[in-house]
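*Asks:* turn this into a model:
(2 chains)
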Amino acid sequence: MTPSAFHLVWLVPALPLAGAAVNLFAGKKLGKLAGWLASALLAAALAISVAILSGMLGLAAGDRLFVQHLFDWISAGSFQVGADLRIDPLSVTMILVVTGVGTLIHVYAIGYMEHDPRFGRFFAYLNLFAFFMLMLVLAQNYLLLYLGWEGVGLCSYLLIGFWFERKSAADAAKKAFITTRIGDTAMMVGLALIVVKFGTLDFSRVLVSRGGSPGYYPQIGPVVSHGAVTAIALLLFAGAVGKSAQVPLHVWLPDAMEGPTPVSALIHAATMVTAGVYLVVRSHVLFEASGTALTVVLVIGLITAIYAATAALAQDDIKRVLAYSTTSQLGYMFVAAGMRAYAAAMFMLVAHAFYKALLFLSAGSVIHGAHEEQDMKQMGGLRSPMPLTATVMTIGAVSLAGIFPLAGFFAKDTILEIASTSGRTSVYLLGTFGALLSAVYIGRLVFLTFFGEARSEKAERANESPAVMTAPLVVLAIGAVAGGVLATGIEGRLPGFLEPVVGVFREGGAGLAKGALIAIALGVSVLGLAVTWFLYGSGKVDWLALRVRLSPLHRFLERAWYVDDAYGAWLGTPGKAAAAFAAYVLDARVIDGFVNGVGIATNALAAAGRRIQTGFVRNYALAFLVGAVGILLYVGLKI
Amino acid sequence: MSGWDRSAITIATFLPVAGAIVIAAMPREKDRLIRWLGVLFTGAALVVSIAIAIAFDYGGRGGLQFEVDTSWISAIGARYHVGIDGISLPLYVLTFLLSFLCAVYTVRYVPEPGRTKAFLGLMLLLETGMAGTFIAFDLLLFFVFWELVLVPMYFLIGIWGSANREYAAIKFFLYTVFGSVFMLLGFLGMYFRSDVSAAPGFQHSFDIVALQHFGAAGGFTHGFQVVVFGAIALGFAVKVPMWPFHTWLPDAHTEAPTIGSVLLAGVMLKMGTYGFIRVALPILPYGAHKYAPWIGLLAAIAIVYAALACLAQKDLKRLIAFSSVGHMGFVMLGIATLTQIGINAAIFGMVAHGVITGMLFFCVGSIYDRYHTRQIAEIGGGMMQNVPKLASIFAYVAIASLGLPGLAGFWGEVMALLAAFSPASGLNVALFRGFMVAGGVGTILTAGYFLWMLQRVNLGVLPDRWKEHHISDILAVEWVAWMPLLVGIVLLGVYPKLVFGTTSEAVHGLLSALGLGS
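*Replies:* Residues are numbered from 1 along each chain as shown, chains lettered A, B, ... in the order given. The predicted structure follows:
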């Protein structure tokens, strides 16, 4: 018996879509109501999601799958795709995060965007984003997923460039769209390969478990060669690399901070950027069948986790610290997925959604309260004018740093524990090093922002944000504290819930004892925070002078290892040259030059031809004679 | 067969000519009346074409419907053979839709130097020529319709165009005629080599259906097919236009009046790609196989090349024109795969491009009408502040054009790439996968140039020089003329079955006849 709430699943994306339509066409007339309408519709979607969850919990673990067929979407030749929505523990987890965190951020944005002249437009885009994101996670086939995938990219573009009067915002929006499209195109090739090899894009026939772990996937379907599966998995992962801002396609995310802060929190921390993780977890059957692809996921994730953490150390813009942090944390999620610890990846995804949204929204509150100041050099001492923001942001930071018993601790600790016990010592060591860096950059953020003396006139005049902004912060803070109950370790509730989809993590037995691992993890976090307190909080170190002394290193980290600059020099400049060459040399001169040349030559020929027609009989007679002699000669010689 | 079945497509196709005659009889001073007569006749033709689409039997296994086959030029056995199938239908309706919207637009906008009567009369002639091309099943009739299009368009560009109009008009005319000559020679070759008795007393035939059967049965020798396919492909390729025969297009578009560009991009280019599907492929299957890799290569080049050229354009209209070259590249790539998915994708791509690029040219026309410049640098950005509705529509259509899923532009491109991944048997798979990669790179570059264009035109702050000008946002007539296209873009994107449901059977039938129906 299917719970009745399951049949309402189409409403989950439809409600925000309706909100987007209303706000797009009538947002101006609605005024302030636009924000409340958008929030209410997403809250209603949240309510349905909760009803679906409770209906699902009433079912046996093996029955927790439901597919709703909306309509036949496309059929051309043998190629058929339906518009089908899928409910299973994985998609339910995702829609709860999207609608839950999404609703809070919508409410917050009512306050944050209060004075914006395009208030209605903003909520139209925000709701449209929620629609596409929900389609992405509810899709039952790769094509519908791709629709959501590109749709969230569009909304990301529109929202990063929301303040399009600023050139930097327009630039950042364009960069985000194009960079992610590189990955998306590879992903599309992957989709084509799936169609060719499997004859379908439907999850129920592509994601057929071939190993031992029992899944929802029926044991049918064609056998695909190892090479093809690896190619498919890697191409899909290329899409994930773009969307989740992993090395080498990470460059768009820091710039994306040009968007309004609620956008950064919702799209560039809690939901859209995690779509890549979702994709890998959803497609884990393919990645496992390949094996090689899993290793690639692990390596890319690990490189990104550490690289981005180093870059976060040297940013002065409060939001850029959080952006690099997000990239780094997403790296950890891929590390987990690469170790087949999908539940751990998903747990980190959920926990991160809470504490990173909290951090971003707190940063927004700081920026709002400090009169649009984003440079931490100009802040300091903000804890006295904005005590509530300071408290909740510190909670978020401590959670991210991995202090027991906050959600972030369990998230990170689980991943590192798995690395150790599965015998991946180098992953464990590097991951732990990354954890140290995380504690340092987030501690630096807190101390520079809230402690010490106000370092600018704006910081002196700072004041606390209104309740509509701080209330969501408090809710998120509770989530960041209590989220840990979902997954205390490998056997927690979320892993149990997800087990029918992703199986159980089985490797173990190696590495250090659990107690030792927890002690080390905590020790590293405390050490990191202590170091930053000494550098930035104690007042004993002149950190500005230190920065000057370490200038080359600081610049190197601040510019994120000059990767972006290198792309500009190696791709941007030659690309522009190639375009100019194509348009103004090849097209205008060579191809069209040839066309016009034919015209000119024809004219010239005609002019020359006209001169032959002199009108004098003697000239014609001479030509006639020459011709006749020629013919006679030819005939004579031939004979 | 009822009278409606026998006469419907003839009525729809020739209603515009009747309109042109009526308008010609009107006194020049009745300017308003003439404009409304244009709306009336294009509207009536549209209504008939929609009635045809409604009456069309979609389960009809791809056969010809509304067929008429009577004697025409009996001396050479050329016949008035017209009909409609799932491949023709979407393009046929698109022709009437775009023509009607152009007539609506003309109620307000008649370009310099005025002369509404001649302007509308030529547009109506053009409409009949375009519509006729999509229903003709006799090569000579096809050729007559094909050439009928040329003259009105020549004058539309040459008289109502902008500064460099004469050069563009002559270039357009000569280039197309150059292609047509080869095409005609090819047609004559097929006629004389054909050995069918489609009409009593004739051994040879111009009949496309008869020639298809003859060709599919291996009636034409391989050597003949290679030569003749090359000739008619040249004629079609100029029209598409395929790289490197495209250079007439940016000039023609840049100089043409708005509705000239809309119809040129929206319908006329499709005559070329339609010709490949209707004439070249089914009659000369061996030739198609031999040329497919080369067509694919030129298509792949067109996609990347056009995108690069777009990145460097400074003129807004020229940019859109070049983007057409790239989009038609995707269409040709689909055709070159000789697969069901590819040809379905091609037809979808044609319709989508007609709707999207037609709309883009409307937008550019309206921008020019307000700013009196097409130079991106002179417009200088800030349209989103200044004329937010126009800017939003422009952005929406541009994003559709770059192939976002959920909007019309996506399906043609993605399915063409999908088809290139596994082309018809006998074609070099690795080569076509290379084309696919090129197409993929093209989609990235396409996103690049469109977003950059939007940034330079829409975004940023309004330059001071425009602040004292009063620039109005969208007018009522524009809403009316554009709304069907704006809705169509999202409708085709969300429910692609609108086109695929029509074409699928016909394409299946076409390819089965070639032995490629798998």
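
*Asks:* gap between the two ends of stretch B:248-262?
*Replies:* Stretch B:248-262 has its terminal residues 16 Å apart, counting by C-alpha to C-alpha, to the nearest Å.

*Asks:* centre of the chain to that stretch, how far?
*Replies:* Centroid separation between stretch B:248-262 and its chain, computed with C-alpha atoms, centre = their mean, to the nearest Å, is 13 Å.

*Asks:* same check, this time on stretch B:228-246
*Replies:* Centre to centre, stretch against its chain (C-alpha atoms, centre = their mean), the figure for stretch B:228-246 is 14 Å.

*Asks:* average pLDDT for that stretch?
*Replies:* What stretch B:228-246 shows for mean pLDDT is 93.

*Asks:* is it in proximity to chain A?
*Replies:* Yes: using C-beta under 8 Å from any C-beta of the partner chain, stretch B:228-246 comes into contact with chain A via B:244, B:246. Every residue, glycine included, has its C-beta placed from N, CA and C.

*Asks:* buried by neighbour count: which residues of that stretch qualify?
*Replies:* By neighbour count on 16 or more other C-beta atoms under 10 Å in any protein chain shown, the buried set for stretch B:228-246 is B:228-246.

*Asks:* ok, longest strand in chain B?
*Replies:* Determined from DSSP state E, the single longest strand within chain B is strand B:65-73.

*Asks:* who's in contact with it?
*Replies:* B:5-10, B:52, B:56-57, B:78-85, B:137-138, B:140-141, B:199 (C-beta atoms under 8 Å, 6 or more residues apart in numbering or on different chains).

*Asks:* can you tell me the closest non-neighbouring residue to residue 289?
*Replies:* By default, I'm working from chain A. Excluding the flanking residues, the one nearest A:Ala289 by C-beta to C-beta, 6 or more residues apart in numbering or on different chains is A:Val229, at 4.6 Å.

*Asks:* oops, wrong one, chain B.
*Replies:* Using C-beta to C-beta, 6+ apart, the closest residue to B:His289 is B:Gly426 (6.1 Å).

*Asks:* tell me the SS of that neighbour?
*Replies:* Using DSSP: H, G, I helix; E, B strand; the rest coil, the structure places B:Gly426 in coil.

*Asks:* if we can go back for a sec, so of the contacts of strand B:65-73, which ones are in strands?
*Replies:* B:78-84.

*Asks:* now do the buried residues in the longest strand of chain B.
*Replies:* Across strand B:65-73, burial judged by 16+ other C-beta under 10 Å covers B:65-69, B:72.

*Asks:* cool, and stretch B:300-316?
*Replies:* Neighbour-count burial for stretch B:300-316 flags B:300-313, B:315-316 (criterion: 16+ other C-beta under 10 Å).

*Asks:* hmm, that stretch in reach of chain A?
*Replies:* Yes: against chain A, stretch B:300-316 shows contacts by C-beta under 8 Å from any C-beta at B:305, B:308-313.

*Asks:* just checking, which of those residues belong to helices?
*Replies:* The helices, defined by DSSP state H, take in B:305, B:308-312 from the residues of stretch B:300-316 next to chain A.

*Asks:* pLDDT for those - can I get that in TSV?
*Replies:* Below are those laid out as TSV (pLDDT from 0 to 100):
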residue	pLDDT
B:Tyr305	93
B:Leu308	92
B:Ala309	92
B:Cys310	93
B:Leu311	90
B:Ala312	90
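
*Asks:* return the member of those residues nearest to A:Leu41.
*Replies:* Nearest to A:Leu41 among these is B:Cys310, at 38.8 Å by C-beta to C-beta.

*Asks:* so what's the closest one up against?
*Replies:* Contacts for B:Cys310 were tallied using C-beta under 8 Å, 6+ apart; they are A:579, B:319, B:322-323, B:326, B:445-446, B:449, B:453.

*Asks:* I figured A:Thr304 hits A:Gln246, correct?
*Replies:* Yes: look at A:Thr304 against A:Gln246 with C-beta atoms under 8 Å: they come within range, at 4.6 Å.

*Asks:* need the overlap of contacts for the two.
*Replies:* Residues touching both A:Thr304 and A:Gln246 (C-beta under 8 Å, 6+ apart): A:327, A:330-331, A:334.
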